[in-house]
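J.: sequence plus predicted model, see below.
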Amino acid sequence: MLPEVLEPALRLDIDSDALVSNWRALDRLSGAARAGAAVKANAYGLGAKQVVPLLREAGCADFFVAHWGEAAELLNSAEPTSIAVLHGPLSDADAAFARASGIVPVINSLAQAQRWNAAGGGRCHLMVDTGINRLGVSLAELGDDAVRALDIDVMLSHLVASEEETDLNALQCARWNAARGEVRHARASLANSGGIALGADFHGDLTRPGIALYGGVPRGEMAALLRQVARPQAAILQVHDVAAGETIGYNATFTAPHAMRVGTIALGYADGYLRCWSGKGAFHANGKRLPVLGRVSMDMTVIDLSSASDLGEGDWVTADYALPEAAAVSGLSQYELLTSLGRRFGR
């Protein structure tokens, strides 16, 4: 018999209290509306099966994923009727699965509306395109018989640039309100994370935060409300001394200016710690900052341990990964920072 699988040398430390605190803050900021949760892309990389029960316990009753497979994986974590699939029924099989499971399809086109009605219909959401030109029924199509036949719970739209001061926000809000007057529906939803901060006009009955749940800060005025949730951590694989003049890593992009104590950690670009962190990133342990030296490679990164003589092989270090600051240093978006974190992390 094989021994038990060992713990990985990578882990994603998830602060459950911070996650719940963020949802509650966003729910309060949503005013008379209720906050749902975007948990697509494996809850933005944190692990949907871990995140959904925590948010459900906190009071969240609406969850949004992109793919049907994502929804199926959550059937033991939430009520099927609380899970909505944003991509909608792309086939008769999708429609049949939705009707059998109770998972809610988001209808994005006349073809999807016709497919859903032909399958027997039932409760659904409707996405209306108010300017993003990505998914959604156009305003001109709202009078179509296939749309009018739908049993619409939530009429949704999606903001183009809620994190910016732009006239597009008011224009989309006006179009969304016009659509609300054209189609029978139980609830309406426009605001994503940044949209929540735009005020009551954008809230409707349901808001749909995503990145802000997980510690992202889409607008500066939200920074004081939101806490960091995820911290990538890696084990030190090897510690060694490097003499002055020696180089470190691929292509010798770093030359030691003096004798240095360095550590190789079990984290690389295959895990989502991308090469943009080369020479820019840092880790910390026991209050010491440990800069990245040289190029990040596929499975390993070298860090400076000169100030941390207490650290050795098998010890853990934590990446500097507060999302707004990490985005500024790396050039990645706050979304990419989370969703690129790979499957080798223990969660």
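T.: Sure, I can see it.
J.: domain ranges for the chain?
T.: Residue ranges for the domains of the chain, per automatic domain parsing: 15-221, 230-321.
J.: got those as a markdown table, with distance to Arg344 columns?
T.: Placement of C-beta: from N, CA and C, glycine included. Output for these, formatted as a markdown table (distance: least, C-beta to C-beta, whole Å):
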| stretch | distance to Arg344 |
| --- | --- |
| domain 15-221 | 12 |
| domain 230-321 | 6 |
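J.: out of those, which gets nearest to Leu332?
T.: domain 230-321 (6.5 Å; C-beta to C-beta).
J.: and the closest one, how far from the chain's centre?
T.: Computed by C-alpha atoms, centre = their mean, to the nearest Å, the separation of domain 230-321 from the middle of its chain amounts to 26 Å.
J.: thinking again about what came up before, of the domains of the chain, give the one that comes closest to Arg347.
T.: Using C-beta to C-beta, the domains of the chain put domain 15-221 closest to Arg347, at 4.1 Å.
J.: and that closest one, what's its mean pLDDT?
T.: Over the span of domain 15-221, the pLDDT mean works out to 98.
J.: residue contacts, the closest residue in space to Ile211 that isn't next to it in sequence?
T.: The shortest distance from Ile211 to any non-neighbouring residue, by C-beta to C-beta, 6 or more residues apart in numbering, is to Ser193 (5.1 Å). Listed by C-beta atoms under 8 Å, 6 or more residues apart in numbering, the contact partners of Ser193 are Leu26, Ser162, Pro209, Gly210, Ile211, Ala212, Leu213, Gly216, Pro218, Met222.
J.: ok, how many other residues are close to the third one?
T.: The number of residues packed near Pro209 is 28, by other C-beta atoms under 10 Å.
J.: let's number from 325 now, not from 1
T.: All set: I'll call the first residue 325, so the last point we hit is now Pro533.
J.: and it, how far from Asp339?
T.: Per C-beta to C-beta, to the nearest Å, Pro533 is found 17 Å from Asp339.
J.: element containing Leu379?
T.: helix 372-382 (DSSP states H and E).
J.: show me what secondary structure element comes after that helix.
T.: Next element after helix 372-382 (DSSP H and E): strand 387-389.
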